[in-house]
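J.: Would you be able to build a 3D model of this:
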Amino acid sequence: MPQPKSTIRDEHSAPDLEIVGNQVTIHPSGFTSNPTARDDTITERNLVRHMARFRENPLDFFREVSLYMSGTGWRAYDDVIGQPVFYSGFGDRMKSLILSSSMLQDKVRDLANTRLAVEEKEGLLAVKEGATMDEKRARRRNELESGLREVVDTMLDNMICKMESKSFIRGAYYLCTQLLTRAYHQGIHVSSEEVLRLRSVAETAAKQNQSIVFLPCHKSHVDYVSLQLICYRLGMGLPVVVAGDNLNIPLLGPFLQHAGAMWIRRSFGNDPLYQTVVQAYIDTLLQQGFNFECFIEGGRSRTGKLLSPKFGILNFIVDSVLSGRVKDTIICPVSTQYDKVIETESYISELLGQPKQKENLADLLSSSSVLSLKLGRVDVRFSQPWSLREFLTQQLSRLNLADIGHGLKLDYAERGRILRTLGYRVLSEINDVSVMMPPALVGTVLLTLRGRGVGKGELVRRLDWLCDRVRAKGGRVAHFYRSPTEVVVDRALDVLGPKLVGVVPGLAEPTYYAVDRFQLSFYRNMLIHLFITEALVSVAMYTKIKQGGGPANQRITFEALKAQVSFLSQLFRGEFIFPPEGLVSNLEKTLRSLEADDVISITRDDSNTPQFVELSDTERTCGRENFDFYCFLIWPFIEASWLGVVSLQGLTPPLDGSKDIWIDQKKAQDSAQLLGKTLYHQGDLSYFEAVNKETLKNSYQRFEEEGIILVARSKESRAGPSIRLAPEWTPKRDPETGKVLPRGRLWDFTELIAQSRREGKNRRDGATVSSRVLTMSDFVGRQLFSNAAVSTPADVSSRQMRRKAIGTDSKL
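T.: Okay, here's the model as predicted:
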């Protein structure tokens, strides 16, 4: 095991950037000064600094306000890198450009003609005396087109951003900085290398009239605020931000719209006109070279790790370039990491099944206590920007298709492959530049150690080890130049607070324990992507290690290890972002890494082919602490998948009921949560995080893709999808007792997952599951059947077929 270091640092990373007034200064990597540091010593300053407080110094407060309102110095926001914004008439100009779109005009005519044909077919175009049928058609067509244009006009008024006043944006910057630096009192940190590179790219893009499309991860409402502040402070054109209209609430909505928000519906439904309006707006923004921002994950991640990419807005951007309507645009993935996320408490409530509360300004301010919290800092990192046109050209070449803009028509599967490749490339690059924050590191250590708590010395030692492992995997640790690890630990514990991490008083040394494991898991998940391959190999080995006995009894054959890793990587293919090299290459690389770290020992034959894999003597001597670390990372997710498949056992139709009953999918997932909470408190589930609603939802999605469940969706009804077990996966019941029998394909699938589960004190996998757990699942399932109606939906498993066409068979 590597020797612990006395400080946490990353001396090979780029230095930090200090921007004060009109001066840009580069400082050594990440030095966080203490409150007594002198001005002539090397210190790290934030991209945004604290504003004067009225109560502390009213004169400086009013002076700062006047500087912003008058636009003195850099606050004037003149000579911006990018296209002109914030002038009177900007919104009207954008609206005029959108309305002149030939695509939008064609759609209006097509919809009018379609409606006209329906009216004529239904005899609604009776010819009045003195008018011919052609005249009637022409008059009616004009009426329909005029009505549709009014609808478009209303859509655009509600949708487009209205960046028209520099005075407003200066005031908005001041207000947002006031709020942000009160909550995140250590400000926004950026890498000087990345920011200077971004400015250079922005200058080149502006000359070529190209847009930069920022694609950030999404953990908090603060994400878009921080990126806007950075662009403003660096003198770059503010991006137009795609935002769900759920945030378009009184006061906040108009404020955001004038600061750059573009409102869109959460769901477009079957509204071709609205889709065309959105496409025309995005075309116009990219044609004019305005910067653009949308979140690659769609909504905010409630779990801390990256979500699967959403392709809605991404599809519009790709279509703009593929069609030739936009020559090119620049893609820039962005990572935003926090010491502590404001909304985590509300996230936990939602993940435990509480209904999501509708946004309102009062709750946003009060629930987060944004005016009084001290949540540490925000780290924003920018990946290397790249050309979307070049990416699409490469993808089309691989598909042996024509070049961009030459009447190119892609079928659903081809477009799906391109979008999927694009989405996961962006996610991978976000992970590559993400910074591991101290609370995430401390939270991970606390959740991956056996025992009730950990002493201060051990916590520091394991944090040093974890930082070394992060860097060895190519990850980044937040810069704390010259700060001892003990100081970083204290700082992280202070940010996390006593509600998450407690300390036991009166002991020989401070001993810390996880108070709220569920909420701490949010921070652990921020770095799980770095170790996902090691985690899968470790829990695959655990299938033998959990059996006990001597070392010879705990070794696993290479083929058995490979089979279990392959199964688990398929199971979690939508849950984690795997390295792109493929199963065989990733497995070999991971085994070499674990062997080099002296965690495992590999027995090879004369041709150097692995035969057996087992724990090394060194790892056994140190109490399996490194092996256990990797297992603890992924065990909660294995528990969630096991819970999901166990809940499916309860969907076995009763003997005395119809075999053609469909269950509401949301109710089935809610019942799975109820089952999970019951099993946890009865000792049959090791991790309460396993009842996480999002993870369960992902498990059901995997079950759908595997064909275990059939999903029916009705296009006519607003009701959610319904599910039932596929016939070949449906368990049998005992004809006399009616109990679900522990056999068949679904049971075998459950057993495969269970092999890698953590063995708990109050259970043994086989007997307990086949008796008490299966009985409880059946009990919960019978309540679902008693409330369900017999129906035969028509649109069954169409989504499954589409997914297979796109291609989702990615492995570790």
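
J.: Show me the shaky parts of the stretch 701-812 of the chain.
T.: By pLDDT under 70, the low-scoring segments of the stretch 701-812 of the chain are 715-718, 760-768, 789-812.

J.: Show the low-confidence segments of this protein, by residue range.
T.: Going by pLDDT under 70, which is the cut-off in play, the chain has low-confidence ranges at 1-63, 73-74, 126-131, 356-372, 405-407, 480-482, 715-718, 760-768, 789-812.

J.: What segments of the stretch 301-450 of the chain are helices?
T.: Using DSSP state H, counting those that start in this stretch, the helices found in the stretch 301-450 of the chain span residues 312-322, 344-351, 361-368, 388-398, 412-433, 438-447.

J.: Just confirm residue 613 contacts residue 591, I think it does.
T.: Yes. Counting by C-beta atoms under 8 Å, residue 613 does reach residue 591; the two are 6.9 Å apart. To be clear about C-beta, it is placed using only N, CA and C from the backbone, and glycine gets the same treatment.

J.: overlap in contacts of those two?
T.: Where contact means C-beta atoms under 8 Å, 6 or more residues apart in numbering, the residues bridging residue 613 and residue 591 through contact with each are 600, 602.

J.: I'd like the helices of the stretch 301-450 of the chain as TSV, with distance to residue 273 and mean neighbour count appended.
T.: Listed next are the helices of the stretch 301-450 of the chain as TSV, based on distance: least, C-beta to C-beta, whole Å; neighbours: other C-beta atoms under 10 Å:
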stretch	distance to residue 273	mean neighbour count
helix 312-322	15	20
helix 344-351	33	18
helix 361-368	31	14
helix 388-398	26	16
helix 412-433	21	19
helix 438-447	45	26
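
J.: Out of these, the one nearest residue 582 is which?
T.: Within the helices of the stretch 301-450 of the chain, the stretch nearest residue 582 is helix 412-433; the backing value is 13.5 Å (C-beta to C-beta).

J.: Enumerate every residue touching residue 654.
T.: Residue 654 neighbours (C-beta under 8 Å, 6+ apart): 733, 738, 782, 785.

J.: Just confirm the first one contacts residue 652, I think it does.
T.: Yes. With contact defined as C-beta under 8 Å, residue 733 counts as touching residue 652 (6.4 Å).

J.: Out of the contacts of residue 654, which end up buried?
T.: Neighbour counting by 16 or more other C-beta atoms under 10 Å classes 733, 785 among the contacts of residue 654 as buried.

J.: Out of the contacts of residue 654, which sit inside helices?
T.: 782, 785 (DSSP state H).

J.: any chance of the contacts of residue 654 in JSON lines, plus distance to residue 77?
T.: Listed next are those as JSON lines, based on distance: C-beta to C-beta, whole Å:
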{"residue": "733", "distance to residue 77": "70"}
{"residue": "738", "distance to residue 77": "72"}
{"residue": "782", "distance to residue 77": "64"}
{"residue": "785", "distance to residue 77": "62"}
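
J.: right, and the helix or strand after whatever helix or strand residue 178 lives in?
T.: When secondary structure is defined by DSSP states H and E, residue 178 falls within helix 166-183. Reading on from helix 166-183 to the C-terminus, the next helix or strand found by DSSP H and E is strand 188-189.

J.: Tell me the helices and strands packed up against that following strand.
T.: With contacts defined as 3 or more C-beta pairs under 8 Å, 6 or more residues apart in numbering; DSSP states H and E, the packing partners of strand 188-189 are helix 222-233, strand 378-382.

J.: can you list contacts of the last one?
T.: Taking contacts as C-beta under 8 Å, 6+ apart, the residues outside strand 378-382 that touch it are 180, 184, 187-191, 194-195, 197-198, 222, 226-227, 230, 332-339, 433-435, 437, 476, 478.

J.: give me that answer again for 6 Å
T.: Outside strand 378-382, the residues within contact range by C-beta atoms under 6 Å, 6 or more residues apart in numbering are 184, 188-191, 194, 198, 226, 332, 334-338, 433, 435.

J.: Just the CA coordinates for it, please, in PDB.
T.: This file holds the C-alpha atoms of strand 378-382, laid out as PDB (Å, rounded to 0.1, in the frame of the first residue of the first chain):
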ATOM      1  CA  VAL A 378     -17.800  25.500  -6.300                       C
ATOM      2  CA  ASP A 379     -15.300  24.000  -8.800                       C
ATOM      3  CA  VAL A 380     -16.100  24.500 -12.500                       C
ATOM      4  CA  ARG A 381     -13.900  22.700 -15.100                       C
ATOM      5  CA  PHE A 382     -14.100  22.900 -18.900                       C
END
